[in-house]
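In: only the shape, not the letters, is given here:
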Ligand SMILES: *[C@@H]1O[C@H](CO)[C@@H](O)[C@H](O)[C@H]1NC(C)=O
């Protein structure tokens with residue numbers, strides 16, 4: 001290869017690399033438990049469940065079952081709760097869909113045409129002591145909603161990539177009365193959760209409305225699994241990738257995670273103890289049901305056989321905690 005070609009391809013791969021969110025949680029980080037951030041249908045506010053040491057099945061409903069945080073902005077209700085942090089685990093952020101399905105006169109049609117284009121955001125320096133919630137508009141006026149946010153911290157550029165689902169209307173249809181485009185996954189970047197880059201499509205399929213995207217980092221740079229809900233059949237499917245989140249050649253795991261009945265709102269997490277074991281929480285339209293796999297690439301998930309998993313949990317996220325984090329959370333919200 002001539003030098004000029006080599007330089008050109010080097011700089012192309014360098015600038016591309018800068019676009020790829022990386023997670024470099026050191027393998028030596030020792031986790032001692034799991035924190036589920038969620039909500040429930042009757043109480044659309046942030047609720048926490050903390051595991052008994054590293055058990056993926058035994059949890060304490062923190063704060064005596066009362067919400068950790070309640071929204072008093074936007075619709076006043078939150079769903080699709082996601083907890084994220086920067087690479088150093090210093091700045092913690094809870095982001096959530098701004099949606100209250102118990103509101104008077106609620107209709108799914110209305111909230112997908114003229115619903116909230118903002119996300120509710122709370123920040124904390126530790127995991128205790130949260131600031132006031134605020135509503136941040138992430139979508140353009142063509143959007144009818146912004147649902148089910150998730151986030152990936154990028155060590156290379158020290159910013160968060162935020163993903164969510166939205167439905168868009170033609171620019172001329174300012175009241176959103178016409179036929180919408182298919183639901184798609186959007187994203188923007190931010191460092192402070194105050195200003196965001198202009199939102200762009202992350203994944204928009206021609207024949208399939210998509211919502212509820214969740215990523216799982218697979219422990220090596222640029223290796224990921226992602227989970228998406230096909231809204232035509234109300235089923236979740238899995239894809240895997242070794243080239244980074246923004247590469248387009250994802251490998252589909254054939255079929256759906258659970259083909260027999262409607263599922264949504266995936267939350268996936270790696271086991272803190274057993275290497276190669278992953279857990280999934282899937283909402284059966286009533287509550288989360290736990291699944292597991294020892295073959296994340298193969299994507300064969302079996303229902304976990306344990307008693308006592310908490311009931312009534314909805315679309316949330318699961319965060320592994322260090323001893324210091326676990327103790328701080330227990331101290332503040334333990335019963
Ligand atoms: C979603 O389901 C529809 C109906 O079965 C199917 O035609 C479409 O290909 C599916 N899309 C994806 C991405 O699985």
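Out: The structure has been received and is ready for your questions. Just so it is clear, the structure is predicted and the values come from calculations on it, not from any experiment.
In: the host helix or strand of residue 318 packs against which elements?
Out: Assigned by DSSP states H and E, residue 318 belongs to strand 317-321. With contacts taken as 3 or more Cβ pairs under 8 Å, 6 or more residues apart in numbering; DSSP states H and E, strand 317-321 sits against strand 33-38, strand 78-85, strand 264-270. C-beta: built from backbone N, CA, C; applies to glycine.
In: now it, how far from the centre of its chain.
Out: Counting by Cα atoms, centre = their mean, to the nearest Å, strand 317-321 is centred 11 Å from the centre of its parent chain.
In: ok, now stretch 143-155?
Out: Relative to its chain's centre, stretch 143-155 lies at 7 Å (Cα atoms, centre = their mean).
In: pull out the buried positions in it.
Out: For stretch 143-155, burial by neighbour count (16 or more other Cβ atoms under 10 Å) applies to 143, 144, 145, 146, 147, 148, 149, 150, 151, 152, 153, 154.
In: where do the strands sit along the stretch 51-200 of the chain?
Out: Per DSSP state E, counting those that start in this stretch, the stretch 51-200 of the chain carries strands over the ranges 59-61, 78-85, 92-98, 118-124, 134-137, 147-154, 159-166, 184-190, 200-203.
In: who's the closest spatial neighbour of residue 271, skipping the chain neighbours?
Out: Using Cβ to Cβ, 6 or more residues apart in numbering and skipping residues adjacent in sequence, the residue nearest residue 271 is residue 277, 3.8 Å away.
In: where's the one you found relative to the ligand, distance?
Out: 26 Å (Cβ to the nearest ligand atom, to the nearest Å).
In: do I have it right that that residue meets residue 292?
Out: Yes: counting by Cβ atoms under 8 Å, residue 292 is a contact partner of residue 277 at 6.5 Å.
In: can you give me the pLDDT of the residue nearest the centre of the chain?
Out: For the chain, the residue nearest the mean C-alpha position is residue 150 (2.9 Å; Cα atoms, centre = their mean). Note on residue 150: pLDDT of 98.
In: kindly report the residues of the chain close to the ligand.
Out: By Cβ under 6 Å from any ligand atom, the part of the chain that sits against the ligand consists of 205, 207, 208, 230, 232, 233, 237.
In: residue contacts, residue 95?
Out: Residue 95 makes contact with 81, 82, 84, 119, 120, 121, 149, 151, 162, 193, according to Cβ atoms under 8 Å, 6 or more residues apart in numbering.
In: okay, and the beta partners of it?
Out: Beta-bridge pairing for residue 95 (DSSP bridges): residue 82, residue 121.
In: again with residue 216
Out: Beta-bridge partners for residue 216, by DSSP bridges, are residue 225.
In: what's it in contact with, if anything?
Out: Residue 216 is in contact with 224, 225, 226, 227, 268, 269, 270, 278, 296, counting by Cβ under 8 Å, 6+ apart.
In: now it: how far from residue 258?
Out: Plainly put, residue 216 is 17 Å away from residue 258 if you go by Cβ to Cβ, to the nearest Å.
In: please apply the same query to residue 220.
Out: Computed with Cβ to Cβ, the distance linking residue 220 and residue 258 is 27 Å.
In: neighbour count: the two, which is higher?
Out: residue 258 (17 against 8; other Cβ atoms under 10 Å).
In: thinking again about what came up before, pretty sure the residue nearest to the centre of the chain sits against residue 82.
Out: Yes: if you go by Cβ under 8 Å, residue 150 and residue 82 touch, sitting 5.1 Å apart.
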